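Enquirer: below is the sequence, then the predicted model.
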Amino acid sequence: MNERVKELAEQARLIPVGQPDGTSPYMDVLNHFAELIVRECIRAVDLTNTHHVHTSFDDNLVRTTMSKTKTAIKQHFGVEE
């Protein structure tokens with residue numbers, strides 16, 4: 001489990017604080033749930049890109065920024081492609 005996901009699970013009291021990874025029978029479920037949430041966040045970024053209002057901003061800049069945002073979210077939560 002990604003350390004950040006583990007911290008959030010502890011804060012939500014889904015696992016005991018300081019419990020070593022892999023000792024809860026729910027770790028696989030928590031990991032999968034966290035991954036689904038992260039993927040929904042990525043989807044929201046994609047939808048924003050689809051519906052963004054054309055402004056004076058360069059479309060390439062917008063696409064690049066959104067791509068970097070999606071990558072940062074995935075890395076932060078340890079989600080693979």
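Expert: All right, it came through fine.

Enquirer: going by C-alpha atoms from here, please, whenever you check contacts or count neighbours.
Expert: OK.

Enquirer: most centrally placed residue in this protein?
Expert: The chain has Val38 as the residue nearest its centroid, 3.0 Å off, counting by Cα atoms, centre = their mean.

Enquirer: can you give me the helices in the protein?
Expert: Secondary structure of the chain (DSSP state H): helices located at 3-11, 27-51, 59-77.

Enquirer: show the backbone phi and psi for Ile15.
Expert: phi -140, psi 150 (degrees, to the nearest 10).

Enquirer: relative to Phe77, how far out is the closest residue to it other than its chain neighbours?
Expert: Excluding the flanking residues, the one nearest Ile15 by Cα to Cα, 6 or more residues apart in numbering is Ala9, at 6.0 Å. The gap separating Ala9 from Phe77 is 12 Å, by Cα to Cα, to the nearest Å.

Enquirer: what of Tyr26?
Expert: Relative to Phe77, and taking Cα to Cα, Tyr26 is found at 18 Å.

Enquirer: now Leu30
Expert: 12 Å.

Enquirer: quick revisit: now that the residue nearest to the centre of the chain has come up, it's in contact with Gln75, right?
Expert: No. Val38 is beyond contact range of Gln75, at 10.2 Å (criterion: Cα atoms under 8 Å).

Enquirer: quick revisit: neighbour-wise, which of Tyr26 and Phe77 wins?
Expert: Phe77 (18 against 12; other Cα atoms under 10 Å).

Enquirer: against Phe33, how distant is that one?
Expert: 12 Å.
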